[in-house]
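Q: here is a sequence together with a model predicted from it:
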Amino acid sequence: MKKQCLKKTDNLWVLFNGKEYVVGLTNKAQDDLGNITFASVPKVGQSYSKGDTLIDLEAEKATSEFVSPLTGTVSSVNEKIDEDVNVLNDEDELNAWILSLKDVEPTEFEVL
């Protein structure tokens, strides 16, 4: 697997940075939701299975649940989201990162 590799689902992107898997919101999801006003993100140490609800977002157009694209344990969260949820409205997708996962089975990422 490449040192860095970015894959996208309809609503989330996942970047493997050589150490952990960073998950963020795609521009498509940003456009579909409109201005995001509230985000409920997991705590560090929580474990998720692929398909579990990972993030709840409230926005102008909709309230949505986003499911985990991978099985793993949350290793870090974007603390800027608590201070200013507008970070998730950033046009640069990579700035709209939400959390990082560890203990991920690499084959789950490869088939995204």
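A: All right, it came through fine.

Q: show me where pLDDT drops low in the chain?
A: Scanning the chain for pLDDT under 70 picks out 1-3.

Q: helices along that one, start to end?
A: Remark: helices assigned in the chain by DSSP state H are 27-33, 80-83, 106-110.

Q: out of those helices, nearest to residue 45?
A: Ranking the helices of the chain by distance to residue 45, with Cβ to Cβ as the measure, places helix 80-83 first at 16.6 Å. Every residue, glycine included, has its C-beta placed from N, CA and C.

Q: what's that closest one in contact with?
A: 39, 41, 87, 88, 98 (Cβ atoms under 8 Å, 6 or more residues apart in numbering).

Q: quick revisit: comparing the helices of the chain, which comes out most buried?
A: Highest mean neighbour count of these: helix 27-33, a mean of 17 (counted as mean count of other Cβ atoms under 10 Å).

Q: if you count contacts, what does that one end up packed against?
A: Applying 3 or more Cβ pairs under 8 Å, 6 or more residues apart in numbering; DSSP states H and E, we find helix 27-33 packed against strand 63-67.

Q: distance from the chain centre to the strand it packs on, please.
A: Counting by Cα atoms, centre = their mean, to the nearest Å, strand 63-67 is centred 11 Å from the centre of its parent chain.

Q: in that strand, which residues are buried?
A: For strand 63-67, a neighbour-count test (16 or more other Cβ atoms under 10 Å) marks residue 66 as buried.

Q: which of the helices of the chain sits closest to residue 61?
A: That would be helix 27-33 among those, by Cβ to Cβ, at 5.7 Å.
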